[in-house]
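Asker: the following comprises the amino acid sequence and a computationally predicted model.
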Amino acid sequence: MAKKTKITIEYAEAIKELEQILERLRSGEVPINELAPTVKRAKELVEECRRQLTLTHEELAKITEVPF
């Protein structure tokens, strides 16, 4: 059974922040000394989004499961 953990950031907020990071990276706004922490933050956000999607998928599978 999947372990449920507290959501640290809402999915929509994480996506919005990821989009902002991507825009900053594409535009060259991120100074070299901020590149590693920026990419690390993006990775954390992606992992959180994946975690939330997995939890939601598991919950929906349970809800829609048809017993035989």
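Answerer: All right, it came through fine.
Asker: only alpha carbons, please: show stretch 60-68 as PDB.
Answerer: Coordinates of each C-alpha in stretch 60-68 appear next as PDB, following Å, rounded to 0.1, in the frame of the first residue of the first chain:
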ATOM      1  CA  LEU A  60      -8.600   6.700  -8.500                       C
ATOM      2  CA  ALA A  61      -7.800   3.000  -9.300                       C
ATOM      3  CA  LYS A  62      -9.200   2.000  -5.900                       C
ATOM      4  CA  ILE A  63     -12.300   4.100  -6.400                       C
ATOM      5  CA  THR A  64     -13.000   2.800  -9.900                       C
ATOM      6  CA  GLU A  65     -12.100  -0.800  -9.100                       C
ATOM      7  CA  VAL A  66     -14.900  -3.100 -10.000                       C
ATOM      8  CA  PRO A  67     -15.100  -6.200  -7.700                       C
ATOM      9  CA  PHE A  68     -15.800  -9.500  -9.300                       C
END
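Asker: chain center to that stretch, what's the gap?
Answerer: In this view, stretch 60-68 has its centroid 26 Å away from the chain centroid, taken as C-alpha atoms, centre = their mean, to the nearest Å.
Asker: what do you get for stretch 34-54?
Answerer: How far stretch 34-54 lies from its chain's middle: 6 Å, per C-alpha atoms, centre = their mean.
Asker: give me the spatial nearest neighbour of the spatially most central residue of the chain, chain neighbours excluded.
Answerer: In the chain, the residue lying closest to the centroid (C-alpha atoms, centre = their mean) is C49, at 2.3 Å. Of all residues not flanking C49 in the chain, A14 sits nearest, at 5.2 Å (C-beta to C-beta, 6 or more residues apart in numbering). Every C-beta, even on glycine, is put in place using the N, C-alpha and C of the backbone.
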